[in-house]
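*Asks:* model this:
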Amino acid sequence: MEIGLFAESAGLPTLEETLERAASLGITRIELSTGGQAARPFLDADRLLDSAVARSELLRALEGRGIRLSALNASAFPLHPRLGLAHAELTRQTLRLAGLLGVDRVVTQSGTPGDAEGCHVPNWIAYPWPEDMRDTVRRQWEQAIALWRDLATCAQDQGVTRLCFELHPVNLVYNVPTLLHLREAIGPAIGVNLDPSHLMWQGMDVPACVRSLGSAIYHVHVKDVVVHRHNLALVGLLDNRPDATFRERPWTFCAPGFGHDRGWWREFFVALNDIGYDDVVSIEHGDPHLPGMPGVERTVGFLRQVL
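*Replies:* Sure, this is the predicted structure:
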């Protein structure tokens, strides 16, 4: 497996500086954002789509440092009642750009629609009860399947064979059954960006999920979670307080090793090996106690011990 980096998560101001630091750590693959949840993406999708020269310059900047693109990342909200049209168009742009750059995968999220015509925000229903909520979830899935069937066709037209969904709550696709449901409805273009941290805080058995998903795993993020038992005892895992600090949360993202030890991570990589995954493991750094490149550097050292 190759060690990669989701570039924007390193917290550096420019792509050039990020590539230099990544190369110095022996990172050989890079994942770049086009927008969506990334507040300051390094890529200008409009410019790159319009300019073959700009695309060539980007690829030369990577190749000159011994780095290849692993994926483009468009973690957007394409089913959002208010933002959805713009974010669906961003996803299409990203698919077109991936094809022009020779990248076969795009990391994304399924999104969640609202609960009725005229609403302004998504409604993620985690417990569909009573019956009218079940009907809402069925309608939401109809919308999701229609949109992603269209986007999967767009991906195929651009030579992008892998739509890599993060299994993240507040999206319709957030666990193994929901991913397999969408994949069954649309086909093998739908797969997983397996980020174990999102499964950890849901209380899931991550190696079991890896083996269940099998060949549907198209990309892997590396991120850990530490559970704060004293907070968990009071609020549970589902904490929707908008103003709570990370110190008050029941769990926090962290650099690998601070939440789960080397033994756990070895088991994770053994599970990936068992299902035939031998590709990039892309560091997505999100530790509030060890921000930016110091956290990335520590993670690279940790991965070299367990891979």
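
*Asks:* Okay, strands next: where are they in the stretch 1-150 of the chain?
*Replies:* For the stretch 1-150 of the chain, the strands defined by DSSP state E, counting those that start in this stretch cover 2-6, 29-33, 68-73, 105-108.

*Asks:* what are the pairing partners of the shortest one, and which direction each?
*Replies:* In this case it means strand 105-108. Counting by DSSP bridges, the strands paired with strand 105-108 are strand 68-73 (parallel), strand 162-166 (parallel).

*Asks:* Just send these back as a markdown table, with mean neighbour count and distance to Ala116 too.
*Replies:* C-beta: built from backbone N, CA, C; applies to glycine. Converted to a markdown table, these look like this (neighbours: other C-beta atoms under 10 Å; distance: least, C-beta to C-beta, whole Å):
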| stretch | mean neighbour count | distance to Ala116 |
| --- | --- | --- |
| strand 68-73 | 24 | 31 |
| strand 162-166 | 25 | 25 |
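
*Asks:* so which of these gets nearest Val192?
*Replies:* strand 162-166 (5.9 Å; C-beta to C-beta).

*Asks:* Restricting to C-alpha, output the closest one in CSV.
*Replies:* Output of strand 162-166 as CSV, limited to C-alpha atoms (Å, rounded to 0.1, in the frame of the first residue of the first chain):
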residue,chain,number,x,y,z
ARG,A,162,-15.2,4.8,-9.0
LEU,A,163,-17.5,7.0,-7.0
CYS,A,164,-16.1,6.6,-3.5
PHE,A,165,-18.7,7.4,-0.8
GLU,A,166,-17.7,8.3,2.7
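
*Asks:* Need the contact partners of it.
*Replies:* 71, 75, 104-110, 148, 151-152, 155, 171, 173, 179, 182, 189-193, 195, 198, 218-219, 221 (C-beta atoms under 8 Å, 6 or more residues apart in numbering).

*Asks:* looking only at pLDDT, what's the mean for the helix or strand following that strand?
*Replies:* Remark: after strand 162-166, the chain's next helix or strand is helix 176-186, criterion DSSP states H and E. Summarised as a single mean, pLDDT over helix 176-186 is 98.

*Asks:* Counting by contacts, list what helix 176-186 packs against.
*Replies:* Other elements packing on helix 176-186 under the criterion 3 or more C-beta pairs under 8 Å, 6 or more residues apart in numbering; DSSP states H and E are helix 131-157, strand 190-194, helix 206-213.

*Asks:* Highest mean neighbour count out of the ones you listed?
*Replies:* Highest mean neighbour count among the helices and strands packed on helix 176-186 (mean count of other C-beta atoms under 10 Å): strand 190-194, with a mean of 26.

*Asks:* Tell me the first helix or strand C-terminal of it.
*Replies:* For strand 190-194, the succeeding helix or strand toward the C-terminus, using DSSP H and E, is helix 196-200.
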